[in-house]
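Asker: with the input below, show me the fold.
(one chain, ligands or ions: 1)
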Amino acid sequence: MPLASPDKIVIEKSPAYFHNKDVPARIKQLNSKMKIILVVRDPVIRAISDYTQTLSKRKYKVLHPSFEKMALNWSNADANSTSIVNSHWGAIKVGIYHKHLKRWLQHFPPDQIHIVDGEKLITSPAAEVNQVEKFLGLKSVVKPEDFAIDPHKHFPCVRAKGELHCLGATKGRKHPKIQIEVLQKLADFFEPHNLEFFKMINRKFYWSPERKVSLIH
Ligand SMILES: Nc1ncnc2c1ncn2[C@@H]1O[C@H](COP(=O)(O)OS(=O)(=O)O)[C@@H](OP(=O)(O)O)[C@H]1O
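Answerer: Numbering: from 1, shown residues only. Below is the predicted model of the structure:
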């Protein structure tokens with residue numbers, strides 16, 4: 001972590017921290033008062049985003065198995081009633097949020113972990129950022145008018161000094177179109193895990209399959 005003066009807050013982020021088994025203990029060792037911010041989104045969309053990112057880094061994209069093949073068991077990937085979700089695939093495993101959060105809660109008290117609904121961060125960014133300001137003990141300065149929607153990617157961008165700052169080319173990539181039966185299978189797979197997660201955090205996020213399908217297609 002870089003050094004900072006007492007009136008500054010340093011934020012460090014990586015999606016990999018959440019699911020790496022060694023990280024909570026190491027962060028606690030570094031600073032047991034560390035405030036943790038976890039951004040979660042619908043795990044089905046997260047898996048597709050993860051796959052899209054991996055694919056974008058491959059040289060020979062056509063040789064790469066489809067999302068459907070990866071998400072369902074390899075030999076039986078036709079979304080029929082007997083094919084089951086491949087819960088060993090990293091893109092799926094990371095989305096079982098309660099399993100990872102449980103580990104963090106063994107090292108940090110719940111009030112030291114703030115959860116951001118990643119879906120709401122897209123639709124109502126100011127409201128989500130205002131909660132983060134409160135969690136960090138900062139004066140609330142962010143307003144809805146500080147954001148504008150990117151007309152091409154349909155994600156929020158930050159308005160600062162009259163200019164629009166959007167996230168770079170590697171964020172908001174176009175996702176592949178996924179068979180609706182596979183989306184449904186994944187939604188069914190994640191449902192009990194999401195419920196377990198909501199119970200753990202005593203909050204509920206509205207990640208409905210209908211919205212998911214309309215967002216993806
Ligand atoms: N404002 C805004 N602009 C662009 N993208 C946005 C925004 N808010 C959330 N997102 C979603 O963030 C996804 C990338 O998340 P991360 O930055 O954590 O991923 S990573 O660090 O690259 O692994 C990225 O995933 P993809 O859509 O799959 O690219 C976006 O869906």
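Asker: ok, which residues in this protein are in contact with the ligand?
Answerer: If contacts are counted using Cβ under 6 Å from any ligand atom, the residues of the chain sitting beside the ligand are 15, 49, 52, 121-122, 155-156, 167, 171-173. Where you see a C-beta, it was placed from the backbone N, CA and C, and this is true even at glycine.
Asker: measure residue 51 to residue 6 for me?
Answerer: Spatial separation of residue 51 from residue 6 under the definition Cβ to Cβ, to the nearest Å is 43 Å.
Asker: next, the contact list for residue 203, please.
Answerer: Listed by Cβ atoms under 8 Å, 6 or more residues apart in numbering, the contact set of residue 203 reads residue 115.
Asker: if we use 10 Å, what do you get?
Answerer: With contacts defined as Cβ atoms under 10 Å, 6 or more residues apart in numbering, residue 203 is in contact with 115, 117, 197.
Asker: could you list which of those residues belong to strands?
Answerer: Members of the contacts of residue 203 lying in strands (criterion: DSSP state E): 115, 117.
Asker: any of the contacts of residue 203 buried? List them.
Answerer: The neighbour-count test (16 or more other Cβ atoms under 10 Å) applied to the contacts of residue 203 identifies 115, 117, 197 as buried.
Asker: dump those residues into JSON lines; add pLDDT as well.
Answerer: As requested, the buried ones among the contacts of residue 203 are arranged in JSON lines below (pLDDT from 0 to 100):
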{"residue": "115", "pLDDT": "98"}
{"residue": "117", "pLDDT": "94"}
{"residue": "197", "pLDDT": "97"}
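Asker: before we move on, the earlier item: any chance of the contacts of residue 203 in CSV, plus distance to residue 127?
Answerer: Listed next are those as CSV, based on distance: Cβ to Cβ, whole Å:
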residue, distance to residue 127
115, 14
117, 10
197, 21
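Asker: residue 51 and residue 6: which has the busier surroundings?
Answerer: For residue 51 versus residue 6, the count of surrounding residues by other Cβ atoms under 10 Å is larger for residue 51: 23 against 4.
Asker: list the helices and strands the longest helix along the chain packs on?
Answerer: In the chain, with assignment by DSSP state H, the single longest helix is helix 180-201. With contacts defined as 3 or more Cβ pairs under 10 Å, 6 or more residues apart in numbering; DSSP states H and E, helix 180-201 has these neighbours: strand 36-40, helix 43-57, helix 67-71, helix 90-93, helix 97-105, strand 113-117, helix 209-216.
Asker: winner for burial among these?
Answerer: With neighbours defined as mean count of other Cβ atoms under 10 Å, these peak in mean count at helix 67-71, which reaches a mean of 21.
Asker: contact partners for residue 36?
Answerer: With contacts defined as Cβ under 10 Å, 6+ apart, the neighbours of residue 36 are 17-18, 24, 27, 104, 107-108, 112-115, 135.
Asker: from the ligand, how far off is it?
Answerer: 15 Å (Cβ to the nearest ligand atom, to the nearest Å).
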